[in-house]
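Engineer: sequence plus predicted model, see below.
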Amino acid sequence: MLSEYEKEMLCCTTCGFCRAVCPTFNHFKQESANARGKVLLSYGLLKNEIPITQHMIERLHTCLTCGKCNIKCPSGIDVVEIIKEARAELVNKNAGPLPNQKFVDSYIKTDYNPFGKSAAKRLEWAPEAYKTLRNAETVYFAGCMAAYWYPEIAQATLKIFEHLGIKVAVLKGERCCGIPPLWDGQINLAKELAKSNIETFHASNTQLIVTTCAGCYRTLKIDYPKLFGKVDYRVMHITEFLSEYVNENKIKFKGKIEKMTTYHDPCHLGRHMNLYEAPRTIIQNIPGLKFREMENNRKDAECCGGGAGVFRTAFANLALTFGKSRVEEAKKVGAEVILTSCPMCMLNLNQAAKRAQIKIEVSDPILLLAKILE
């Protein structure tokens, strides 16, 4: 609840350090678009000190939740969580989310994914032998993006598990992790999805959940326990899981891929979860790949513009504008391929490059790794 952050909001010294790193402030050049301004708006919302206008609603949603402000804040204010709770407060006051976000959430309510695709087709990408409801010690949670947009990522993941001789299952009861409603303010819908997935995990007796989506990773690992308390299974991102096997030379390759690559740190994997080195370990161990860092990397990485899909849903053109900036940064270091460990980043960067007519490939390290397994 937003009230839990009242004291934290008052800790803002209005120093302005966040202004220099906030992507939306740099675009709009207005104080209300800055992290500091949004904290003040959130406090005013909590205390009913300012009227709820359309401009205010939009400003609280023109945040990528990238977390760059959190990194720079000398007072240690968790601006990202404050924005999340402010959006929930808007919904409580019948003032949110934005129309396109409501539309997406309506799909999630009926089909358990944000694309309006049939729930029955969620696991079409997976061979029947992998599908189960019970006795699955290790589970692969594909998430909506891999299930519907990039099934090749999901299939590559199963191929890697098979290569390592690890038994893995996909659960028939998998639903959207809840990230869209969680970040657009529809917390009750997010809770319903979380509760359903947790019950599915428990019924399967799983000990470990592995996911290829940065957003799902943060949601399952951080937000589910926040909503429902401690869970009795571990959650790992696929790069985190595989980096141990790469370091121990347990993954065997045939051939090589000769490409110049760079890596885009997803906000939800990097600044939100502090997972920076595992993806790079995998990339730098794929035979033939050359690798160069972009100027802004790790905790300083620029957001792709997707904003957990929530920002992109409401502000599609602006999302692609931010994506174009990141693609141009990759081109500056001579990259032929941008690698990223989040399918939402992959989608937004790819579409941004196409719209700007910039010739560059966007892919996932897992796809390249799976291509040249023995």
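Structural biologist: Perfect, I can see it now.
Engineer: tell me the secondary structure at the residue sitting furthest away from the middle of the chain.
Structural biologist: Ranked by distance from the centre of the chain (Cα atoms, centre = their mean), the top residue is E49, with 33.2 Å. The local conformation at E49, judged by DSSP: H, G, I helix; E, B strand; the rest coil, is coil.
Engineer: give me phi/psi at it?
Structural biologist: E49 has phi and psi values of phi -90, psi -10 when expressed as degrees, to the nearest 10.
Engineer: quick one, what contacts it?
Structural biologist: Contacts for E49 (Cβ atoms under 8 Å, 6 or more residues apart in numbering) come out as Y43. (C-beta placed from N, C-alpha, C; glycine too.)
Engineer: what segments of the stretch 101-250 of the chain are strands?
Structural biologist: Per DSSP state E, counting those that start in this stretch, the stretch 101-250 of the chain carries strands over the ranges 131-132, 138-141, 170-171, 208-211, 234-237.
Engineer: state the helix or strand in which the closest residue to L349 other than its chain neighbours lies.
Structural biologist: Ranked by Cβ to Cβ, 6 or more residues apart in numbering and with sequence neighbours excluded, the top spatial neighbour of L349 is V362, at 4.7 Å. Assigned by DSSP states H and E, V362 belongs to strand 361-363.
Engineer: tell me the mean pLDDT for that strand?
Structural biologist: The average pLDDT within strand 361-363 is 98.
Engineer: what packs against that strand?
Structural biologist: With contacts taken as 3 or more Cβ pairs under 8 Å, 6 or more residues apart in numbering; DSSP states H and E, strand 361-363 sits against strand 337-340, helix 343-355.
Engineer: tell me the strands beside that strand, with direction?
Structural biologist: Paired strands of strand 361-363, with direction, are strand 337-340 (parallel) (DSSP bridges).
Engineer: tell me the domain ranges of this structure?
Structural biologist: Domain assignment for the chain, taken from automatic domain parsing, gives 2-92, 99-243, 254-371.
Engineer: which secondary structure state is assigned to the closest residue to C15 other than its chain neighbours?
Structural biologist: Among residues not flanking C15 along the chain, P74 sits closest, at 6.4 Å (Cβ to Cβ, 6+ apart). What three-state DSSP gives for P74 is coil.
Engineer: need the contact list for P74.
Structural biologist: The contact partners of P74, by Cβ under 8 Å, 6+ apart, come to T13, C15, F17.
Engineer: doesn't I71 make contact with the last one?
Structural biologist: When you say that, I think you mean F17. No. The criterion here is Cβ atoms under 8 Å, and F17 misses it with I71 at 9.7 Å.
Engineer: which element follows the strand holding V362 toward the C-terminus?
Structural biologist: Next element after strand 361-363 (DSSP H and E): helix 365-371.
Engineer: sec struct for I257, please.
Structural biologist: coil.
Engineer: my read: it touches I372, true?
Structural biologist: Yes. The pair I257 / I372 is scored as a contact, 6.3 Å apart, by Cβ under 8 Å.
Engineer: list the contacts of G143.
Structural biologist: C176, C177, T211, T212, C213, G215, C216, P343.
Engineer: any idea how far the nearest residue to the fourth one once chain neighbours are set aside lies from C176?
Structural biologist: In other words, T212. Distances taken as Cβ to Cβ, 6+ apart place I238 nearest to T212, at 4.7 Å, with adjacent residues excluded. Separation of I238 from C176 (Cβ to Cβ, to the nearest Å) stands at 19 Å.
Engineer: so what's the residue count around the residue lying closest to D232 once chain neighbours are set aside?
Structural biologist: Nearest non-adjacent residue to D232, counting by Cβ to Cβ, 6+ apart: H202, 7.5 Å away. Counted with other Cβ atoms under 10 Å, the neighbours of H202 add up to 12.
Engineer: settle this for me: A95 is touching I52, isn't it.
Structural biologist: Yes. Contact criterion Cβ under 8 Å: A95 and I52 qualify, at 4.9 Å.
Engineer: between the helices and strands packed on strand 361-363, which one is closest to E6.
Structural biologist: Of all the helices and strands packed on strand 361-363, helix 343-355 sits nearest to E6, with 31.7 Å by Cβ to Cβ.
Engineer: ok, the residue lying closest to T211 once chain neighbours are set aside - contacts?
Structural biologist: In space, and not counting its chain neighbours, T211 is closest to F141: 4.4 Å by Cβ to Cβ, 6+ apart. Taking Cβ under 8 Å, 6+ apart, we find F141 in contact with V170, L171, E174, C177, I209, V210, T211, C213, C216, L220.
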